[in-house]
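[1] Sequence first, predicted model second:
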Amino acid sequence: MNVETCFTPQGYPLFHKPNAIVVVIDILRATSAITTAFYNGVAKMIPVANLDDAKKYKEQGFMVAAERNGEIVEGYDLGNSPFGYMNSKVKNQTIVITTTNGTQAIEAAKIADQVIIGSFLNMDVITKHLKNENKDIIFLCAGWKNKFNLEDTLFAGALAESLVLKYGSDTVCDSTLAAIELYKNAKHNLYEFLGRSSHRNRLAKLDLERDIKYCLTPNQCPVIPTLKENFLIKL
Ligand code: 3SL
């Protein structure tokens, strides 16, 4: 098992290996919101990278979640808060989703054999799945507008640490080693560690501290969303 970490969607082509499992990571908040959605009974999600495609789905009558720069895009049904999915209205629905970075990362990974959605909320089930599959792994961090971010890297480090500690690994690339070291420094208080990070502050200004705390709490939603063709479904 070879464990690599790619810090931005744009970098993904450098890492792509057809048979590897790609774990898409956007802790604040897209992959946390998607994980929460499936845990609360959403049947299917259709991730789209741009607002034009989201608009077409909206015109066809789909329920659409649209977020840009942390805020719900006017005219859409949901934004990107996990709490928006803790509602019986979403049960058994197919929901289209577009977000600033998370859905760009999913789009970049679409060419892989297996794409799964990772967050602290489903950390242990993801770790077990990766172990059982025993394939090469690429952690694909959504980052922020194709730049590095701290929270996605911390989660890549958390997963890598638990895989390597529990099960060993053949190769770990330098970016994964860096992610593990960061996580070791942060794990005692992730929220505090992220205190000066850009996206935590961006969301705090939007009064979304509650979302941040929730997204950093492990194992609240033991489900694995996975991409099948253009849909996300529960594995
Ligand atoms: O970048 C994204 O895709 C979003 O997760 C950003 S936000 O947390 O909704 O602001």
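    Happy to help now that I have it.
[2] roughly how far apart are the nearest residue to Ile137 once chain neighbours are set aside and Ile111?
    Leaving aside its sequence neighbours, Ile137 sits nearest to Val3 (C-beta to C-beta, 6 or more residues apart in numbering; 4.9 Å). Quick note: C-beta positions are derived from backbone N, CA and C, even for glycine. Per C-beta to C-beta, to the nearest Å, Val3 is found 20 Å from Ile111.
[3] and these two? which has more neighbours close in?
    Using other C-beta atoms under 10 Å as the criterion, Val3 and Ile111 rank with Val3 on top: 25 against 12.
[4] for the helix or strand encompassing that one, which positions count as buried?
    Element membership for Val3, per DSSP states H and E: strand 2-6. Going by neighbour count (16 or more other C-beta atoms under 10 Å), the buried part of strand 2-6 is 3-6.
[5] could those be laid out in JSON lines, adding pLDDT and distance to the ligand?
    Conversion of the buried residues of strand 2-6 to JSON lines gives the following (pLDDT from 0 to 100; distance: C-beta to the nearest ligand atom, whole Å):
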{"residue": "Val3", "pLDDT": "94", "distance to the ligand": "24"}
{"residue": "Glu4", "pLDDT": "95", "distance to the ligand": "22"}
{"residue": "Thr5", "pLDDT": "97", "distance to the ligand": "18"}
{"residue": "Cys6", "pLDDT": "98", "distance to the ligand": "16"}
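[6] Among those residues, give me the pair with the biggest separation.
    Across the buried residues of strand 2-6, the longest distance by C-beta to C-beta is 11.4 Å; it joins Val3 and Cys6.
[7] Touching both of those two, which residues are there?
    Taking C-beta atoms under 8 Å, 6 or more residues apart in numbering as the contact rule, Val3 and Cys6 both touch Phe139.
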